[in-house]
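Engineer: Structure, please.
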Amino acid sequence: MIEFRNIEGIYFVGIGGIGMSALALYFAKGGYSVAGYDRSESKITLSLIESGCTIAYEDDITVLPELFGNILNKNKVLIVYTPAIPIENRILTYFRENKYNLYKRSEVLGEISAHTDTLAVAGTHGKTTVSTMIAHLLKQSHVDCSAFLGGISKNYGSNLLSGESRYTVMEADEFDRSFHRLKPLMAVVTSLDADHLDIYGDQVTMVKAYNEFCGKIRQGGALVVNSKIRKEIIVPEGVICYTYGQGSDADYRASDIEHVKDYYRFNIKTPTTIIKDLHFAFPGIINIENFTAAIAIALMCGVTETEIRKAVLLFQGVSRRFDIRINRPGLTYVDDYAHHPEEIRACITSVKEYFKGRKITGIFQPHLFSRTRDHAEGFAAILDELDDAILLPIYPAREKPIKGVTSEMILNKMKSANKRLLKKEDIPGKLDVSKLDVLLTIGAGDIDTLVKPIEEKLNKERAR
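Structural biologist: The predicted model follows:
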């Protein structure tokens, strides 16, 4: 149990991360003095500063505010960090060596989870979209919720939603086994594709970790599982399990899907009824499947059919999740966070379905050396589906280089004749805008810093 009594301030090492920033904002709104370190300025850190947080970009203890830097105050503060922070980080080392109260981000989320009715979304992909959809359905209804999201909701302009309800939506992150800290009332498992094998070693061990997470669901709670992975999930005693998907055997199932101009029309079959003629103005068949899971949870929380119908229509998506930046005749630009082969497959498949018959150019930045090593063939296979593919060097994130592991591993396995490797700084300069139809940027690293320059170039050289 984390003791918050007599605590005046909370310091976040890695405050600019999407999960850390939501926690920082939560405690800032709670009246705590909040400060933190991150290695570079971003929209997120600037937003936190506007909310009253103090942020430094130098890994140097001399930049610590007095409340946190003075060892005499160490019992007045808590230090929160993410496992992605390198062990040699000076600020974290200072706190550790001087025996401050240190907690992982997952431990703090676990503490919050224990005191609320948590709706947790797990899965190797789809977590952010499904959790944001659940939060949106509840916020647009009489039920309400709070939410810690892994992306910026475009409906609410934030990754933290505050509410008066007993429900709190959280992503259940499998990295570093973080989701084992949560104690959810209800949970969703979207997928079990092999990922984070640097943590688990193999997929079998990873699936065991997911089943351990499912075992954390409270007695009397509910588990909603993608029907494609139901056989791999062990349902705990005292927990009811439902499946979702497009298969005929799913308990919650989307059917009669029609793509009508710039929206989808479909029905949702539930165990007790059919919600007919839902309108969804957001691209990608995969997102109808994601909404099916979200609707299952929302119905169990008491959201009405009428409220669901309105909320589905109004959903605007998540920044960097099939994020359409430009869409006009002859020129479309989509940005997406996908970084696992199956996520990229879902993204490219959705683009090809939604923008049928058009030429698709993709720019992909691999994320992590270990993921590139483990999935090079999978990345190559799906990138071959593009009409024109551009690879960037690997974004290392928390990892040190692995000998022989580079973006060339993927490039050399690709069969496409239209492939090339460019440096990030060469883009957008080397983009031939006159030859673009649909442009897609993909990746979880710092490829997001290219979005604005690319937009500006496209709008300048291909004016309406």
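Engineer: From here on, just use CA atoms for contacts and neighbour counts.
Structural biologist: Fine.
Engineer: quick one, what contacts the closest residue to K419 other than its chain neighbours?
Structural biologist: Leaving aside its sequence neighbours, K419 sits nearest to A389 (C-alpha to C-alpha, 6 or more residues apart in numbering; 4.7 Å). By C-alpha atoms under 8 Å, 6 or more residues apart in numbering, the residues touching A389 are 361-364, 383, 418-420.
Engineer: I229 too?
Structural biologist: The neighbours of I229, taking C-alpha under 8 Å, 6+ apart as the test, are 191-192.
Engineer: likewise S40?
Structural biologist: Contacts here follow C-alpha under 8 Å, 6+ apart; on that basis S40 touches Y57.
Engineer: Backbone dihedrals for it, both of them.
Structural biologist: With angles defined as degrees, to the nearest 10, S40 sits at phi -150, psi 150.
Engineer: next one: the one 3 residues further on
Structural biologist: For K43, the backbone dihedrals (degrees, to the nearest 10) come out as phi -60, psi -40.
Engineer: The residue nearest to K419 should be in a strand, yeah?
Structural biologist: Yes - counting by DSSP: H, G, I helix; E, B strand; the rest coil, A389 falls inside a strand.
Engineer: Which residue ranges of the protein form helices?
Structural biologist: Residue ranges of the helices in the chain, as given by DSSP state H, are 18-29, 43-50, 66-69, 90-97, 105-114, 127-139, 197-200, 203-214, 285-300, 305-314, 341-354, 369-383, 408-413, 451-461.
Engineer: could I have stretch 206-221 exported to PDB, CA atoms only?
Structural biologist: The C-alpha coordinates for stretch 206-221 follow below in PDB (Å, rounded to 0.1, in the frame of the first residue of the first chain):
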ATOM      1  CA  MET A 206       3.600 -14.300 -22.400                       C
ATOM      2  CA  VAL A 207       0.200 -16.000 -22.600                       C
ATOM      3  CA  LYS A 208       0.700 -17.300 -19.000                       C
ATOM      4  CA  ALA A 209       1.300 -13.700 -17.900                       C
ATOM      5  CA  TYR A 210      -2.000 -12.700 -19.500                       C
ATOM      6  CA  ASN A 211      -3.800 -15.500 -17.700                       C
ATOM      7  CA  GLU A 212      -2.200 -14.300 -14.500                       C
ATOM      8  CA  PHE A 213      -3.700 -10.900 -15.200                       C
ATOM      9  CA  CYS A 214      -7.100 -12.400 -15.800                       C
ATOM     10  CA  GLY A 215      -6.800 -14.100 -12.400                       C
ATOM     11  CA  LYS A 216      -6.600 -10.600 -10.900                       C
ATOM     12  CA  ILE A 217     -10.300  -9.900 -11.900                       C
ATOM     13  CA  ARG A 218     -12.500  -9.500  -8.800                       C
ATOM     14  CA  GLN A 219     -15.000 -12.200  -7.900                       C
ATOM     15  CA  GLY A 220     -18.300 -11.400  -9.500                       C
ATOM     16  CA  GLY A 221     -16.500  -9.500 -12.300                       C
END
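Engineer: Now do that stretch: everything it contacts.
Structural biologist: With C-alpha under 8 Å, 6+ apart as the contact definition, stretch 206-221 has outside contacts at 174, 177, 179-180, 182-187, 192, 194, 197, 200, 223, 232-240.
Engineer: what's across from the residue nearest to K419 in the sheet?
Structural biologist: With DSSP bridges applied, A389 shows beta-bridge pairing to G362, K419.
Engineer: what bits of the stretch 101-250 of the chain have low per-residue confidence?
Structural biologist: Using pLDDT under 70 as the threshold, the predicted model of the stretch 101-250 of the chain has no low-confidence range.
Engineer: all strands for it, in order.
Structural biologist: Secondary structure of the stretch 101-250 of the chain (DSSP state E, counting those that start in this stretch): strands at 102-104, 117-122, 146-153, 158-161, 167-171, 186-189, 222-226, 240-245.
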